[in-house]
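Chemist: for reference, the sequence and a predicted model appear below.
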Amino acid sequence: MKKQDSPVWVIAEQIDCQVLAVSFQLIGQARKLAAELGTCVEVVLLGDNISEQARQLIAAGADKVYLGNAPDLAFYQPEIYTEIIVKLAKERRPEIMLIGSTSAGTELAPLIAAGLETGLTAHCIDLLLDENKILISKIPAYGGLLSIICPEKRPQMATIATGVFTSPHPDESRTGEIVPLKVPAELPGRIQTLKVVREEPEGVPLESAPIVVAGGAGAGDRKGWGMIADLAQTLNAALGSTRPAVDEGWTELETMIGQSGKMVSPELYIGVGLSGELQHMVGIVGAKVMVAVNNDAKSQVFEQVDYGIVDDCREFVPVLIEKIKEYREKLVTC
Amino acid sequence: MLKIVVCVKAVPDPKEAHKIKIDPVTKTLMRSDVPLVLNLMDKNAMEAALQLKEQLDAHITVLSMGPPPAGNVVKECLALGADHGYLLTDQAFGGADAYATAYTLAQGIEKIGEYDVVLCGMASSDGSTEWVGPQIATVLKIPVVTRVKELVEYGGQWWQVKAGMENGYRLVRVKLPAVLTVSRELNTPRTLSFSGIIKARKKEITAWGINQLGLPEESVGQKGSPTIVSDLDSLTSRRTVEIISGTREEKAEQLVNKLADAGVI
Ligand SMILES: Cc1cc2nc3c(=O)[nH]c(=O)nc-3n(C[C@H](O)[C@H](O)[C@H](O)COP(=O)(O)OP(=O)(O)OC[C@H]3O[C@@H](n4cnc5c(N)ncnc54)[C@H](O)[C@@H]3O)c2cc1C
Ligand SMILES: Nc1ncnc2c1ncn2[C@@H]1O[C@H](COP(=O)(O)O)[C@@H](O)[C@H]1O
């Protein structure tokens, strides 16, 4: 096996000098792949004032961190980020390159892949190696799972959502090398991120909520959606959604659960007026108890939950809200 | 004059797309006749182009790659107000992944000639990679901004736009020519008008195949795609469901009790 020759790469991402959870999760998975390939894990981290963060990446499993540390790199800059990574990848020839499917990662990954004229797979829910040590990306589609490979071009690239893999336990005693990258003094001048503006999200955050109520196309309209939102509020739950609900404009993209949205693993998931399409359901496989409300008894959603209610959600949800309130009141008086 | 190219994709109607399934036995796709429609977010891209044309001196070209029926979505865009339509269609273009799609579209854009802004949807409903826009930009060697949700400054050589990101946005300054991929938040697409449909009858669609683009077969379609599907699996159910029955009230009450017993509410 070619040791060190063709490493497994992770492109880490930081926001306000905080390395994102997905970067650690990808390093964890990269370690497993690298062990099977007999190679090492290398991580690229770009930002400003982030030397300390490079240590965290080593503790998480990186053997080498390429560190671009400069004021101009403080936040995602498409042109210079792409240029640095493409150039380095041409020198180092990684076998595999993993990138988190954040908004920046979703833009950066295709720019790098096209720059290297290689293949990229999206929305993977698992990554493994076949008997020829070729990377297989598992992707939900058409009610099943596709295996996608990039047989000839290198690196084999994939984008993965937060929460698909688990974060490794940091091992502070691990050692690794930090390689400072030279940042060009003249930035390429056709595009600049001038600033990044963060808005505080409303309501309970999906990723950490113990209860998630998700609504789908079956809500019918804004009024029906409002009922589902009320159910979420009654349960102090986070509100999730399927893609049609986002497309209809009832809710924001941030609430979408699934393959191209968020991965959640609550104690309780209640899916209302949604069909149990795999692209959505892969986002909640970690849930403890699952409930579905759907007016079609034959819906495939009932093959994927613990409790099923066959009913019109627009009629049922208000009744359910009342029953929950009654239950809560009883709890208080007892 | 601002030259705008809008890339639009014909996708299986999302309302019926679930009918396309993997056959558990043969492990091939069972394609029922799901009609092709204009990809939802490409309507936002078209709308952005139309609004720019209303405010500035602009010319709108629509471009799509797909099988001959995809010509209908190009026609729809002409009826919405685009000036010219191109359809890249050829057997050889079939089975393209995001990269081969972007490469072919970029060659089409080069052949169309001058362009200042290339507009794409943020994502297609079937591929949904969000990659075609950025990869067109790479092939054309121009910058790209994805998930554009507001045009702050436009009209000149340098534009300022807001690009959506998790809980916020990036303010980006970009020099034309550039690719912008637009999100649903950018605008509310107009609907087709009868007069538009009548006017569109006179507008022509130019169809180009691999020969007109002068491309080698290895560079397009499945052959030009770095990635391939190597296997398909169907899935079996993962949980055993208990269907709760009774009147509406009874169902709600039983559910609450079961969830309380499980300790999750
Ligand atoms: C590449 C790709 C990625 C995708 N990623 C995601 C993703 O991350 N997340 C996601 O959610 N989707 C994703 N999708 C879309 C996904 O394939 C499905 O289209 C979507 O999840 C279906 O949403 P839905 O269940 O709300 O709508 P539908 O499939 O239309 O189902 C609506 C359901 O509501 C029921 N219903 C209707 N009326 C009522 C009523 N009055 N009361 C009760 N029930 C009712 C119906 O019986 C039906 O089962 C992706 C698609 C692609 C191609
Ligand atoms: N075959 C195609 N023809 C024209 N435009 C396309 C095609 N495929 C993708 N696009 C454009 O790229 C955008 C993003 O698609 P995707 O990368 O598949 O999510 C779409 O909204 C379209 O604007």
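Modeler: Received it, and whenever you're ready, just let me know what you need. Ligands and ions are numbered 1, 2, ... in the order given.
Chemist: any idea how far residue A:179 is from residue A:99?
Modeler: Here residue A:179 is placed at a distance of 19 Å from residue A:99 (Cβ to Cβ, to the nearest Å). Just so you know, the C-beta spots here come from the backbone N, C-alpha and C atoms, and that holds for glycine as well.
Chemist: which residue is nearest the middle of chain B?
Modeler: A centroid search over chain B (Cα atoms, centre = their mean) returns residue B:124, at 3.4 Å, as the residue closest to the centre.
Chemist: list the residues that contact it.
Modeler: Going by Cβ atoms under 8 Å, 6 or more residues apart in numbering or on different chains, residue B:124 touches B:9, B:11, B:39, B:41-42, B:132.
Chemist: change it to 10 Å
Modeler: B:8-11, B:39-42, B:98, B:101, B:130-132 (Cβ atoms under 10 Å, 6 or more residues apart in numbering or on different chains).
Chemist: can you pull out the helices in the stretch 151-300 of chain A?
Modeler: For the stretch 151-300 of chain A, applying DSSP state H, counting those that start in this stretch gives helices covering A:222-234, A:243-247, A:278-281.
Chemist: what bridges to the closest residue to residue A:284 other than its chain neighbours?
Modeler: The shortest distance from residue A:284 to any non-neighbouring residue, by Cβ to Cβ, 6 or more residues apart in numbering or on different chains, is to residue A:269 (5.1 Å). Applying DSSP bridges to residue A:269 gives these bridge partners: residue A:212, residue A:290.
Chemist: and the gap between residue A:269 and residue A:238?
Modeler: Residue A:269 is 10 Å from residue A:238, by Cβ to Cβ.
Chemist: show residues contacting the helix or strand containing residue B:255.
Modeler: Assigned by DSSP states H and E, residue B:255 belongs to helix B:248-261. Applying Cβ under 10 Å, 6+ apart, the contact partners of helix B:248-261 are A:211, A:235, A:267-268, A:270, A:289, A:291, A:293, A:306-312, A:315-328, A:330-331, B:242-247, B:264-265.
Chemist: swap the cut-off to 7 Å and go again
Modeler: A:268, A:289, A:291, A:307, A:309, A:311, A:315-316, A:319-320, A:323-324, A:327, B:244-246, B:265 (Cβ atoms under 7 Å, 6 or more residues apart in numbering or on different chains).
Chemist: stretch A:181-193 now?
Modeler: Against stretch A:181-193 from outside (Cβ under 7 Å, 6+ apart): A:66-68, A:70, A:72-73, A:75-80, A:83-84, B:143, B:170, B:172-175.
Chemist: same check, this time on stretch B:221-240
Modeler: A:118-119, A:121, A:143-151, A:153, A:278, A:290, A:303-306, B:22, B:24, B:27, B:92-97, B:99-100, B:103, B:217-218.
Chemist: residue boundaries of the strands in the stretch 201-334 of chain A?
Modeler: Taking DSSP state E, counting those that start in this stretch as the test, the strands found in the stretch 201-334 of chain A are A:211-215, A:238-241, A:268-272, A:289-294, A:307-310.
Chemist: include mean neighbour count and distance to ligand 2 when you put these into a markdown table, please.
Modeler: Putting the strands of the stretch 201-334 of chain A into a markdown table (neighbours: other Cβ atoms under 10 Å in any protein chain shown; distance: least, Cβ to the nearest ligand atom, whole Å) gives the following:
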| stretch | mean neighbour count | distance to ligand 2 |
| --- | --- | --- |
| strand A:211-215 | 28 | 23 |
| strand A:238-241 | 28 | 19 |
| strand A:268-272 | 28 | 25 |
| strand A:289-294 | 25 | 28 |
| strand A:307-310 | 23 | 33 |
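Chemist: just put those strands in a markdown table and tack on mean pLDDT.
Modeler: Formatted as a markdown table, the strands of the stretch 201-334 of chain A follow (pLDDT from 0 to 100):
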| stretch | mean pLDDT |
| --- | --- |
| strand A:211-215 | 98 |
| strand A:238-241 | 96 |
| strand A:268-272 | 98 |
| strand A:289-294 | 97 |
| strand A:307-310 | 97 |
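Chemist: of those, which is nearest residue B:196?
Modeler: With Cβ to Cβ as the criterion, residue B:196 lies closest to strand A:238-241 of those, at 32.7 Å.
Chemist: what's the burial count for residue B:33?
Modeler: 7 (other Cβ atoms under 10 Å in any protein chain shown).
Chemist: in a helix, it, correct?
Modeler: No - read with DSSP: H, G, I helix; E, B strand; the rest coil, residue B:33 is coil and lies in no helix.
Chemist: how much space between it and ligand 2?
Modeler: 20 Å (Cβ to the nearest ligand atom, to the nearest Å).
Chemist: what of residue A:100?
Modeler: On the measure of Cβ to the nearest ligand atom, residue A:100 and ligand 2 end up 18 Å apart.
Chemist: what's around residue A:143, how many residues?
Modeler: Neighbour tally, residue A:143, other Cβ under 10 Å: 19.
Chemist: one step back: please say which of residue A:179 and residue A:99 ends up with more neighbours.
Modeler: Under the neighbour definition other Cβ under 10 Å, residue A:179 and residue A:99 were set side by side, and residue A:99 has more, 28 against 13.
Chemist: please list all residues in contact with that one.
Modeler: By Cβ under 7 Å, 6+ apart, the neighbours of residue A:99 are A:11, A:105, A:108-109, A:159.
Chemist: outside of stretch A:41-59 itself, list whatever touches it.
Modeler: Residues contacting stretch A:41-59 (Cβ under 7 Å, 6+ apart): A:7-12, A:14, A:17, A:19, A:27, A:30-31, A:34, A:61-71, A:73-74, A:81, A:84-85, A:88, A:92, A:94, A:170-172, A:174, A:176, A:178.
Chemist: what's the end-to-end length of that stretch?
Modeler: 12 Å (Cα to Cα, to the nearest Å).
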